[in-house]
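**Q** give me coordinates for this.
(chains A and B)
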Amino acid sequence: MSLDKEYLKEQRSLAWRDELRKSMPAKERTSRERVSMPEQEPLVRNKNNEEVNLGLTEQMAIEEARRCLDCVDPTCISGCPVSINIPSFIKHIEKSDFLGAAKVLKETSALPAVCGRVCPQEIQCEKACFYTVKLNKTPVAIGHLERFAADFEQKSGSVSVPEIAPNNGFNVAVIGAGPAGLSAAGDLAKYGCNVTVFEALHEIGGVLKYGIPEFRLPNSVVDVEINSLKKMGVKFFTNFVVGSTASIQDLREEGFDAFFVSSGAGLPNFMGIPGENYSGIMSSNEYLTRVNLMNAAQSDYDTPVFLGKHVAVIGGGNTAMDSVRTAKRLGAEKAMIVYRRTIEEMPARVEEIYHAQAEDIEFFCLTNPIEYKADETGHVSSMTVQKMELGEPDASGRRRPVPMPNSEYEIPVDLVIVSVGVSPNPLVPKSLPELVMSKWGTIEVDKETMQAHNVPDVFAGGDIVRGGATVILAMGDGRKAAAGIMKYLKSKHTK
Amino acid sequence: MSKIIAKEILSERVVKLEIEAPRIAQKRKAGHFVIVKVGEKGERIPLTISQANKETGTITLVVQKVGVSSHKLCALEVGDEITDVVGPLGQATHIEKFGSVLCAGGGVGIAPLLPIVEAMKAAGNKVITVLAGRSKEFVILEEEIRKKSDEVIIMTDDGSYGNKGLVTEGMERVISQEKVNLSVVIGPAIMMKFCTLLTKKYNIPTVVSLNTIMVDGTGMCGACRITVGGKTKFVCVDGPEFDAHQVDFDEILQRLQAYKHQEAEAYQATLNK
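**A** Have a look, this model is predicted:
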């Protein structure tokens, strides 16, 4: 499974790759324009829940694949947290072997259709692409191509199941069925382990289900990937909170040899300003969970949700963009992002900001709420905001926002979604006091093996270690941990 | 999936369900709750565990029909399955020998009070329990409570059973007669508010178990947040029990109303079906 240099070289020198490279001069390849992703019209899509990006056509994918130079030293791979063999899958697309391309993706990624949609490729593989680094041109659209190959396979009905090593008898428990857990489960199954995933919610997928909205990542796409894992023999238990329903010690006694803790970032942060607990003010976790996981906006589901007319989302990350675009789709006349720095400092992906702007989302930058006011029923009716200006850089390297005196004013709102970050879920750490924790409540692990300090059979990754990161970084942790767990189990076994 | 093993109708609006949940039955302690969801399109609602049996692997929930979800749950029969049950959640009750413990339960709040009465008694406390309800039919689980209490006082608003009067009157009677070391109060938020005002007057440490709106119940959404001692706390992971004298009940009362309008409409629609 590892993609060492020898393997990459061997693959690259296969006859068909050689032939393909020679079929078109490099100059012709680099003279082509990058494909642009077809998308729904902004003012149409902000009224429906269908996917924004429509996916490349076969012709578009082949054309784009031709731009890839199949470099001797494919730097793009170093930019991928799960080390996908990028040139190999792209060249499979170029020769119209789309299923072959999907197979390559699955060698190292448990969730290619997901990554093709939600990875920030612009700061990963595409940033390390030869076009970006050396040619100063727009990079090969690696993300779009990944999505194309994965979708093609899903639609073809012949979804391949990765090769699985003979059963090694090891029982591994994965705690939390989000991107880190699913990625670890996939690799552990490939190594031949018996893998059981324990999920606290009633659905498998973690943030892919409760967090990321349908218009960016349809649940059906996630379900196909989960089914692949089931076909690989991974067992799933929902409604099971490790730390409460059973402790790690109970599971050890039930025969589990190692644990991967991927319980995610739970607790939403609030700002602690007056009036923040009025009704109609909620975390983005709550809002998105109601809408995405509980289908609250559909009348035949029992969970309620507020459908605001004037909705303010506080924050500038991807979750804030997901929330505000959801509110727009649920009928908000005015859907606003309120952010204390400028657009340049926003942590959200450029694509998400651009999509939000096109969808008629209003941006109130350099603006910070300081108080909420409510009507006579205790429901939020307006927010007092303060204008900010940028001062000296802070610890994050971004310029610190400083309040401007006498700049307060009121914005009428009937729904406020607070999206200012999350803190790690305390449930698993609470039940394992031996774990070494950081002052932020994250689990301290070895960076290479993801093994927890002090508790050798426990490994951890994703937001419970990072405190709040991306799907793909969580997946990278899952892969590293799977390798770390195998190393640990083998060495323990031979002793 | 959790199968319903037994069902008992306690009153027109209150149902007791014994359900299969072997792992939860093993782990649960007084004070713990579960999240329950009925049907694929159901809502996740928190319910405190009333009793558990490790041998049979079952737990007992007491449900009052107040809206769509509780209505659906109460409509299930023996042999039916509850789609999702997860737990035990929350922090267990802090049990120790305090001396004399005054427990007060209002309406369906008597159900979660029962395991606390049991545990307090088992820890060697003298337990005096006040059970209260609007009328006789709201006073539930009296027999079970009597078995574990040294003394039981019953209060009904309309005097249809026990003494006529409010729960606070029953509590005050106990307080005037003996030194109370701890009070535990569970019931509707408005009842807990007034019981807390009373025990504050007499300077009696008091614990309340809060039942707020929740979605996931594992610390993820923050729907259950309340203010305790000026700080935001999550009932699902920090509670459900808190130092009553620090709790901002007015905020809880207001937050419980958040979806009142939508819930009433949805419930009416369900009843009309």
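**Q** going forward, measure contacts between C-alpha atoms and count neighbours the same way
**A** Noted.
**Q** and the helices in the stretch 101-250 of chain B?
**A** B:110-122, B:142-148, B:167-177, B:189-201, B:235-238, B:249-256 (DSSP state H, counting those that start in this stretch).
**Q** burial count for the residue of the stretch 51-200 of chain B found nearest chain A?
**A** When scored by Cα to the nearest Cα, the stretch 51-200 of chain B has B:Val86 as its residue closest to chain A, at 4.8 Å. B:Val86 has 29 neighbouring residues, counting by other Cα atoms under 10 Å in any protein chain shown.
**Q** related to what we said a few turns ago, quick one: closest of the helices of the stretch 101-250 of chain B to B:Asn272.
**A** helix B:249-256 (24.6 Å; Cα to Cα).
**Q** how far does that closest one sit from the chain's center?
**A** Distance of helix B:249-256 from the chain centroid (Cα atoms, centre = their mean, to the nearest Å) equals 17 Å.
**Q** and what of stretch B:35-55?
**A** 13 Å.
**Q** show me which residues of the stretch 51-200 of chain A sit near chain B.
**A** When proximity is defined as Cα under 8 Å from any Cα of the partner chain, the stretch 51-200 of chain A approaches chain B at A:Ala200.
**Q** just the closest residue of the stretch 51-200 of chain A to chain B, please.
**A** Closest point on the stretch 51-200 of chain A to chain B, by Cα to the nearest Cα, is A:Ala200, at 7.4 Å.
**Q** enumerate every residue touching that residue.
**A** Applying Cα atoms under 8 Å, 6 or more residues apart in numbering or on different chains to A:Ala200 gives the contacts A:176, A:238-242, B:86, B:218.
**Q** now it: phi and psi?
**A** phi -70, psi -40 (degrees, to the nearest 10).
**Q** distance check, it against A:Asp457.
**A** 21 Å (Cα to Cα, to the nearest Å).
**Q** again with A:Glu408
**A** 54 Å.
**Q** tally of neighbours for residue 180?
**A** Since you didn't name a chain, this refers to chain A. Counted by other Cα under 10 Å, the residues lying close to A:Ala180 total 35.
**Q** ah, no, chain B please
**A** Using other Cα under 10 Å: B:Val180 sits among 22 other residues.
**Q** my guess is it contacts B:Tyr202. True?
**A** No: using Cα atoms under 8 Å, B:Val180 is not in contact with B:Tyr202, being 9.4 Å away.
**Q** can you pull the contacts of B:Phe249?
**A** B:189-190, B:193.
**Q** can I get the residues you listed in CSV including neighbour count?
**A** Formatted as CSV, these follow (neighbours: other Cα atoms under 10 Å in any protein chain shown):
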residue, neighbour count
B:Ala189, 20
B:Ile190, 13
B:Lys193, 21
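**Q** okay if I get those as CSV plus pLDDT and distance to chain A?
**A** As requested, these are exported to CSV (pLDDT from 0 to 100; distance: Cα to the nearest Cα, whole Å):
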residue, pLDDT, distance to chain A
B:Ala189, 94, 16
B:Ile190, 94, 16
B:Lys193, 96, 18
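**Q** okay, those in a markdown table with distance to B:Gly133 next?
**A** Shown next, in a markdown table, are these (distance: Cα to Cα, whole Å):
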| residue | distance to B:Gly133 |
| --- | --- |
| B:Ala189 | 14 |
| B:Ile190 | 13 |
| B:Lys193 | 16 |
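**Q** gap between A:Lys22 and A:Ser13?
**A** Relative to A:Ser13, A:Lys22 is positioned 12 Å away (Cα to Cα).
**Q** could you do A:Leu293 as well?
**A** Taking Cα to Cα as the measure, A:Leu293 falls 47 Å from A:Ser13.
**Q** who's more crowded, those two?
**A** The neighbour count for A:Leu293 versus A:Ser13, taken as other Cα under 10 Å, is higher for A:Leu293 (23 against 13).
**Q** how about that one: what's its closest non-neighbour residue?
**A** A:Tyr210 (4.6 Å; Cα to Cα, 6 or more residues apart in numbering or on different chains).
**Q** equivalent analysis for A:Arg341, please.
**A** A:Leu366 is the one closest to A:Arg341 (Cα to Cα, 6+ apart), at 4.7 Å.
**Q** quick check, that neighbour in contact with A:Ile337.
**A** No: between A:Leu366 and A:Ile337 there is no contact under Cα under 8 Å: 10.7 Å.
**Q** show me what contacts A:Val104?
**A** Contacts of A:Val104 (Cα under 8 Å, 6+ apart): A:84-85, A:88-89.
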